Structure formats: C-alpha cells, structure tokens
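Visitor: here is a sequence with its predicted model. Questions after.
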Amino acid sequence: MKHLVKVCLVGLSLLLSSCTIFLWSHDPAVRSHTYYEQSAMDTVRAFGKTQAKNNEQLVMIGDSYWYFIDERNTAELLKVLNTKLPKAFSTPNNKPFKVLLADDAQSFSSSFTLYYEPQNDNEKNVLKALGFSSTKKPGLYEKDYDLKGKIYRSSKKINHHYQFETALPISIQVGKTSSEVDPIKLIEKITMTPITLAGDVVLVAIELVFSPLSLFE
C-alpha cells in the first residue's frame, strides 16, 4: 500500500509540473531577443598570413584591428586566395562587412560573399571547382563564406599576402539582449496558475479513485 502511495505521489508531481510548464512556455508573456549595434568602424586593406606552418592562419588586415581567422576557415579561404586567376576577387559594392563581437571582446564571427567575373571557360571551371556558382547577373560568380576567429589591435609585423582590389569597410557590432513584457499575458498567467494546479489535483484524485478498479477488470 505504501508503495502504491509513493507511485501515486510521483505521478501527481509529474502531472503538476508538466501542466504548469506548458502553461508558462506556451505563448510566453516575456520574450527576449538579441540584436546587434555598431560599436566601431574599420577598413580592411588586405589579407595577411601567419608564418607558423603548423598553425597557419589568414589575417584580415585593417587600419585599426586585425582579424585572425580560425584554421578551418583559413584552409577554405586559402584555396581561393592561392588560385591563379588574373583578376582580384570583389566584395559587394563596398558594403560594410559585419563583424559580430562576442561577449569576451576577442572572439568574432562573420560572413561575406566573394565575387568574380571569369573571362573564359577555363576560369569558369576553376571557380566551379572552388564552389562558386553563377548569379543572376550574366558572367558573375559568387560564393558565401562563414568565418570565426580572434580580433586584436593592429600591428605591423605581418606582410600583406593578398591585396583587395578595393578596401573593405568593416562594421564591428556588439550583441545586446532585450526583453519585452506583455503585462496582460503576464497577469493572466499569474492568476491562472493556481487554477491549473487545482485542476490537476482534481484530475489526479479522479484517476486514483478509478485506477484500482481498472486493475481488476
């Protein structure tokens, strides 16, 4: 009998918690979202490259900051930068390249698109092998890149490895979290919770009354 009571109490607690959690998680009264605000500007002039062979990293060289790209992303970008094409790759209309700064003020993430206009079939094949695809504009190819890495203040110790055809403006952005509270929904949930708990208790009580009978049917 004691064992049956324990089982019933556990079942009751699970039902109470699950119903209450559903109430608060379904159509929440407090909603949070993260947005990014620009905190600084920079201009990237070129790519650099560290000289350590066992830890080679590309560096986007800016006037104010240098952006050391993670090894995995570096390997992918080096395939493009080491490709022997007669023209330089382009970026979209000098549009600011967003760098999202992490909370530690050192890590960053970003994404950008490189463009190239091949002059013959051989160049097209090279681009396709690199993962570039044609755009709506005839003769223009593109590829998107996602980057992660570390940001540091600029230095003069790395020689330029690859020069951009045009300078790339950088928008350094910091994430912020804001919460929006719907007071009506919040009050509704606060007043409904006791009613929900009471409803659960009645439901469990009914189940306890009838469950022994069902065992002997």
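Guide: Perfect, I can see it now.
Visitor: wait, what's in contact with residue 50?
Guide: 56-57, 59, 68, 158 (C-beta atoms under 8 Å, 6 or more residues apart in numbering). The C-beta positions use only the backbone N, C-alpha and C, and glycine is treated the same way.
Visitor: quick one: low-confidence ranges for this structure?
Guide: For the chain, applying pLDDT under 70 flags the ranges 1-33, 52-53, 93-94, 155-166, 177-217.
Visitor: just give me the neighbour total for residue 128.
Guide: A count of nearby residues for residue 128, using other C-beta atoms under 10 Å, gives 13.
Visitor: just say helix, strand or coil for it.
Guide: Here residue 128 is recorded as helix under DSSP: H, G, I helix; E, B strand; the rest coil.
Visitor: ok, now how distant is it from residue 144?
Guide: According to C-beta to C-beta, to the nearest Å, residue 128 stands 15 Å off from residue 144.
Visitor: helix or strand for residue 122, which one?
Guide: Under the criterion of DSSP states H and E, residue 122 resides in helix 121-129.
Visitor: does residue 131 touch residue 144 like I think?
Guide: No - contact between residue 131 and residue 144 fails when scored by C-beta atoms under 8 Å: they sit 9.3 Å apart.
Visitor: so where do the helices sit in this protein?
Guide: 2-25, 71-81, 121-129, 183-215 (DSSP state H).
Visitor: residues of the second one that come out buried?
Guide: Translated: helix 71-81. For helix 71-81, burial by neighbour count (16 or more other C-beta atoms under 10 Å) applies to 73-74, 76-78, 80.
Visitor: counting contacts, what elements does it pack onto?
Guide: Counting by 3 or more C-beta pairs under 8 Å, 6 or more residues apart in numbering; DSSP states H and E, the packing neighbours recorded for helix 71-81 are strand 58-62, strand 141-153.
Visitor: could you dump these to a markdown table with mean neighbour count and distance to residue 91?
Guide: Listed next are the helices and strands packed on helix 71-81 as a markdown table, based on neighbours: other C-beta atoms under 10 Å; distance: least, C-beta to C-beta, whole Å:
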| stretch | mean neighbour count | distance to residue 91 |
| --- | --- | --- |
| strand 58-62 | 24 | 11 |
| strand 141-153 | 16 | 10 |
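Visitor: looking at those strands, spot the one closest to residue 106.
Guide: Nearest to residue 106 among these is strand 141-153 (5.5 Å), distances taken as C-beta to C-beta.
Visitor: partner strands of the closest one, with direction?
Guide: With DSSP bridges as the test, strand 141-153 is paired with strand 65-69 (antiparallel), strand 107-116 (antiparallel), strand 133-134 (antiparallel).
Visitor: how far off strand 141-153 does the helix holding residue 122 point, in degrees?
Guide: With axes from the mean of the first three to the mean of the last three C-alpha atoms, to 10 degrees applied, the angle from helix 121-129 to strand 141-153 works out at 60 degrees.
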